[in-house]
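Trainee: Need a 3D model of the following:
(2 chains)
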Amino acid sequence: MTGITKRTVLGATAAITAAAILPARRAAAQTYTAHEQQLYDAAKAEGEVTWYTGQLQAQPSEAVGHAFTDRFPGVRCNVVRTTSQVAFQRLSQDYRASVAQCDVFSSTDYSHFTFLKREGRLMEYRPVNAAGMVKAAREAADPDGYFQVTYLALYLLARRSDNLSEADAPKSWRELTDPKWRNKMAVGHPGFSGAIGNWAIMMRKAYGEPFFREFARNNPQVGRSAGDPVTTLNAGERMLGVAVPSAATLFSASRGNPLTLIYPTDGTLMVAAPSGAIKSAPKPNAAKLFMEFMTSPAYSEATRGFYAESLRPEVRPPEGSRPLDELTLISPTPEEVENGIPEVRELWRDIFGV
Amino acid sequence: MSTALGKSVVATPPRRVSLARRIGRIEPVMLLWILLIGALLFLVAFPLGKLFLVSFETRGTGAFTLSNYVTAYGRARYIEAVVNSLTLGLASATIAVVLAVPMAWAVSRTDMPGKGLTWTVVLGAFILPPYLGAVGWILLAGPNSGFINVFWRWLTGSESPFFNVYSFEGLALVIALNAFPLVFIFVKSALDLVSSEMEDAANILGAGTWTAMRKVSLPLVWPAIMAGFIIVFLETIALFGTPAIIGIPARINVVTTQLWQFFEYPVRVEVAAAYAMPLLLVTAGMIATQKLLLSRKGYVSQTGKGGERRPIKLGAWRWVMFAWCAMVGMIAVAMPLFVLLQASFAKAWGRGLSLDNLTFANYYLLIFEHDMAMTSIWNTIWFSATAATIAVLLALMVAYIVNRRLVPFGEVLGFLALAPFVIPGIVMAIGFYAAYAAPPLSLYGTAALIILAFAARFLPIAYANSSSAIRAVHPEMEEAARILGSGRLHAIRMITAPLVKKSLLGGWLIVFIVASRELSAAIFLVGPRTRTMSVLLYDLSEAGNFEVLAAFGGLLLVVTLIFVGIGMKLVGRDFMLRRG
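Mentor: Numbers count the residues shown, from 1 in each chain, chains lettered A, B, ... in the order given. Modelled structure (predicted):
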């Protein structure tokens, strides 16, 4: 598809307006490491990279795509943003049809990667830049170099600060089964969101299956993405967001929405969300280059504006987020994720009906 | 076009050399017939046959098994989804009939004022894609911040919402509000044919206006009402977007959302196929029932004798009818469109109309920052245009051959061309995925796969349209040309084609418009580069970001309206609503 000409035809007026209003995107002189330069030259011939991602929300994902192309002009990033389970579903459909379309795959479900690695679907490529990442990211990466952690995501509670005071708000996950939260909560869906799958595993581990039955009785509004409750809260439809991503919440609050994070006393969920290049990638060099990009400071700079935790020591954490070492963190182990997600997904569907 | 298509798709059967000479002498129309059969087999029969076969295959090995059916129907939740779909279909179809029949009667038979407005309402509801209507109704009737419920609480001080869209009733109503134009179009065109003499006869025998309507006019159009009911039922059980957007928060699982679950890892096409089979039986059953019920005949309203048509004078009641049409217009079109527009310019839709809530960021994001949004608009336009072209050309040739009885067994062609009508889009997509996604054709992720699926899915519309266009041209004109020495193809080009041009253009535009908003047939077939607007809208809807969704919906409507405008200009104001 010759995207550029067609877009020009379509958005002709829009583009002209844009040219007038927007400051031209600065083609700042970029400096590359020798390794990046080598990959970049090869990737330029490929021209684009296709990235299936379920990590950041739609808008930051698009911004990452643009940041990549800004850093490596001539290599377009084709962002396919869905929830993690849907991204994996599309990847599985590709495999089933024996058609390779995806270059880099990112999700919030760790077991996707252990599975893909076991099936020999991932490219063995350890980005050079990965060595300079923060410890938490390095430790959760694949020891054999098949995938890296590109999103240290925190999932917690969020309240509408204008109609739910800090004193009245719940302090922990446990309290969510209290009938007083009936019709007040919103949550994502483990059949779509990898993060909600992780969360459900931790809840089942801590409080058992009855937690879900009691939680369901409180009739939370079930969306699909973990980020869905953020917009539900903004609209005033519900007042308490459950297992919402800190990044999307803080970003929305920075835009003037009355949202405040609550760090649950029984643990903020941290999900180390991986990315990996696909072995059968149609654009293998661009895939490697994109992996280099995601492990480089440029990526953390780009996502910092959207309140994602920094993955590089040289990039400051986003404004308003609490330092990780102050928090009580909970995370499922890779084994728990691998066995647990299919189970909690079924459990959820049996209880919620969808 | 069709020749190219035919060539690429027909597996040329091995011919014996001894036949070569005979083949050489075959009329070109026979070759065309063979090509058409090939094209229809490729588009319709093969994907369906493959779906059927796959439902008995073991994943991976392909060995025969019945276990897919056991899996597909082995859980209460899966069966419940089927029950939900059927109930929903009946509910939506009933609501649609209740909404549309009085409107159709009022427009066709009475002196109700504001008929033009009613047309606009029907056209508006027809154009609005179902999932956008669904989003509009979430904004209107979300239990806490929906505008209707906020207003209700303010008015009455009540704690509970007036109407919760996240419910079975909500889902059924939203679907019906989008689908009622189908009933309207059927019933109105049937009522148009009923001559006033029939009602006069009833009046003379002492029946008032209402009795005449109840006992004469409506029973005469009973087949049309039933056809409308069945179409809405079929549309409802095939719908994917609305159940995904409203049904998940409402905790209602239906067949289409369940089919989607079978596509989760590991992609269980086999189970999905098995699950879809009874759905096909249900649709076939519906059509059979319709045939059976109507077989008594006696619905003749058109006779050779005159048939004057006068509007019935309703007196004060005409304002009641007008109020009904206006009410439907409000809830089906005006209100959802208004809130969508509001949301598309809002920072947070629930904050309502105020200056500090106004933003262009949603449009800005889509037009400048979202790489795929503009590409998807272009994809939508050219996929739909190509699919419409293929469908109309194919349908035209089939219709010509069938109507002119040029070959034996022409009806087979007609049957194949109409068959997709009863196949839910999502099932068709699964058939296409099973048949053509993988090697040898490896069409997965290509534009061709989506275009072909769209062409097949909307072939019946094109066929109905072409068939009526061809029927309207008497063969004697062609025959005159042929007597004067013209070949058949030349006669078609010089005489028939110009005569049917306009109505074909109308058919093309209808296929284009319905294809441009099609979600369920595209959802399993798109690749990263071939996402359409509807699929991108669906992807965006996952995070419930209705402001951006509304803005994107606004762009989609602009594109659609441009084409509707072109159609009205070229083909006539009512081209969308004329019954082919």
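Trainee: next one: the strand ranked longest in chain A to chain centre, how far?
Mentor: Ranked by residue count, the top strand of chain A under DSSP state E comes out as strand A:148-160. Averaging C-alpha coordinates over strand A:148-160 and over its chain gives two centres that are 8 Å apart (CA atoms, centre = their mean, to the nearest Å).
Trainee: and what of stretch A:343-354?
Mentor: Using CA atoms, centre = their mean, the distance between the centre of stretch A:343-354 and that of its chain works out at 23 Å.
Trainee: which residues sit against it?
Mentor: A:189-191, A:197, A:200-201, A:204, A:209, A:212-213, A:216, A:222, B:77, B:80, B:247-248, B:251-253, B:257, B:261 (CB atoms under 8 Å, 6 or more residues apart in numbering or on different chains). In short, each C-beta sits where N, CA and C put it, glycine included.
Trainee: mind listing the strands for the stretch 1-150 of chain A?
Mentor: According to DSSP state E, counting those that start in this stretch, the stretch 1-150 of chain A carries its strands in the segments A:48-53, A:76-81, A:104-106, A:148-160.
Trainee: Output those in CSV; the columns should cover distance to residue B:553 and mean neighbour count.
Mentor: Shown next, in CSV, are the strands of the stretch 1-150 of chain A (distance: least, CB to CB, whole Å; neighbours: other CB atoms under 10 Å in any protein chain shown):
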stretch, distance to residue B:553, mean neighbour count
strand A:48-53, 24, 26
strand A:76-81, 18, 24
strand A:104-106, 28, 27
strand A:148-160, 26, 25
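Trainee: between the ones you listed, which one is nearest to residue B:179?
Mentor: Ranking the strands of the stretch 1-150 of chain A by distance to residue B:179, with CB to CB as the measure, places strand A:76-81 first at 30.8 Å.
Trainee: Might you report the residue contacts of residue A:181?
Mentor: With CB under 8 Å, 6+ apart, residue A:181 has these contacts: A:170, A:175, A:218, A:240.
Trainee: low pLDDT regions in chain B?
Mentor: Scanning chain B with the threshold set as pLDDT under 70 gives B:1-27, B:295-307, B:576-580.
Trainee: what's the neighbour count on residue A:323?
Mentor: For residue A:323, the count of nearby residues is 8 (other CB atoms under 10 Å in any protein chain shown).
Trainee: again, but for residue A:180
Mentor: Counted with other CB under 10 Å, the burial measure for residue A:180 works out to 9 neighbours.
Trainee: Can you list which of the contacts of residue A:181 are found in strands?
Mentor: Secondary structure from DSSP E places residue A:240 of those in strands.
Trainee: Identify the residue nearest residue B:224 in space, chain neighbours excluded?
Mentor: Taking CB to CB, 6 or more residues apart in numbering or on different chains as the measure, residue B:224 lies nearest to residue B:190, with 3.6 Å between them; neighbours along the chain are not counted.
Trainee: Wait, a strand at that neighbour?
Mentor: No - with DSSP: H, G, I helix; E, B strand; the rest coil as the criterion, residue B:190 is assigned helix and is not in a strand.
Trainee: Give me the neighbour count for it.
Mentor: Counted with other CB under 10 Å, residue B:190 comes out at 24.
Trainee: OK, contacts around it?
Mentor: Contacts were defined as CB under 8 Å, 6+ apart; by that measure residue B:190 touches B:220, B:221, B:223, B:224, B:301.
Trainee: For residue B:466, find the nearest of the strands of the stretch 1-150 of chain A.
Mentor: Go through these one by one with CB to CB and the one that ends up closest to residue B:466 is strand A:76-81, at 37.7 Å.
Trainee: how many neighbours does the residue nearest to residue A:79 when sequence neighbours are not counted have?
Mentor: Once its chain neighbours are removed from consideration, residue A:79 has its nearest residue in residue A:65; the separation is 4.2 Å (CB to CB, 6+ apart). Counted with other CB under 10 Å, the burial measure for residue A:65 works out to 25 neighbours.
Trainee: didn't residue A:65 look like it was pressed against residue A:75?
Mentor: No - distance between residue A:65 and residue A:75: 10.5 Å, which falls outside the contact criterion (CB atoms under 8 Å).
Trainee: how about residue A:331, phi and psi?
Mentor: Its backbone dihedrals place residue A:331 at phi -150, psi 140, with angles given as degrees, to the nearest 10.
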